[in-house]
Structure formats: C-alpha cells, structure tokens
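coords please:
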Amino acid sequence: MKHVKPINLKAQALRARAEGELPDVFALQMQLPMSCSTVFDPGWEVDGMFGLAGLCQPMENDLYGCSADCWWPAQVPDELVNYPGWSDQCSAAVRDWQKIKFIGNGGS
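Below you'll find the predicted structure:
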C-alpha cells in the first residue's frame with residue numbers, strides 16, 4: 001500500500017515503527033512526566049504496564065488500590081485521608097461493600 005500516505009502524527013509513527021525507523025526502547029523522561037501531580041494530563045489512561053487491566057475500575061479497586069502508584073485515570077491527590085477509620089469494617093470491598101461508610105458534606 002505505497003499509495004497511502006500517513007497524514008497525522010500517530011499514523012506517521014506507526015509507519016515509521018513498521019518500517020524499522022524508530023527504536024524499540026526509548027527514555028520515558030522525554031515522553032512522560034515522572035510525577036503524579038506535576039502536570040494535568042487528561043487522556044493518559046493506561047496503567048503502569050501500558051495496558052488497561054490495572055486501571056482503577058471497577059469501584060472495588062477504586063477504593064483501595066489507586067492512590068499511591070500514579071496510574072489514576074483522573075487527577076486526584078495521593079494518600080489524602082481525612083477519616084482514617086472509614087474502611088475498618090470492610091476487609092474485602094467486593095464482599096462487604098454494604099459496610100463501607102461514606103462521608104458526606106452534611107445535608108446534601
């Protein structure tokens with residue numbers, strides 16, 4: 001298909017990789033920010049292994065596993081705890097989700 005010309009950057013990168021022009025390994029310092037809070041980066045929605053399996057979904061994984069390792073699909077603070085005992089009665093979120101205590105802002 002030599003008559004097809006890539007017109008955007010992604011298509012050009014795919015063509016270059018297919019033809020062996022791009023290296024297989026590159027330094028992440030030039031591609032990604034090396035901190036969770038240095039940059040607002042919507043759309044970067046892959047986990048630490050550049051896949052989708054480790055994202056913070058469903059709700060059960062969201063509660064426990066997504067605050068410290070920087071792979072959250074949205075911008076949130078790391079390790080912010082205003083109510084330290086909120087999950088004491090819920091050892092397994094999948095099984096005991098009804099016991100989780102949610103904190104609201106009063107009447108709303």
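
longest helix in the chain, by residue count?
Ranked by residue count, the top helix of the chain under DSSP state H comes out as helix 9-18.

C-alpha coordinates for that helix, CSV please?
Provided in CSV are the C-alpha atoms of helix 9-18 (Å, rounded to 0.1, in the frame of the first residue of the first chain):
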residue,chain,number,x,y,z
LEU,A,9,1.5,12.1,13.9
LYS,A,10,0.1,8.8,15.1
ALA,A,11,-0.1,7.4,11.6
GLN,A,12,3.4,8.6,10.8
ALA,A,13,4.7,7.0,14.0
LEU,A,14,3.0,3.7,13.1
ARG,A,15,4.5,3.8,9.6
ALA,A,16,8.0,4.6,11.0
ARG,A,17,7.8,1.7,13.5
ALA,A,18,6.6,-0.7,10.8
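
tell me the buried residues in that helix?
Within helix 9-18, no residue qualifies as buried by neighbour count (16 or more other C-beta atoms under 10 Å). C-beta here means a position set from N, CA and C on the backbone, and glycine is covered the same way.

which residues of this protein score low on pLDDT?
1, 22-83, 86-87, 93, 101-108 (pLDDT under 70).

now do 50
29, 35, 37, 39-43, 58-65 (pLDDT under 50).

tally of neighbours for Gln98?
Neighbours of Gln98 under the rule other C-beta atoms under 10 Å: 7.

distance of it from Asn8?
48 Å (C-beta to C-beta, to the nearest Å).
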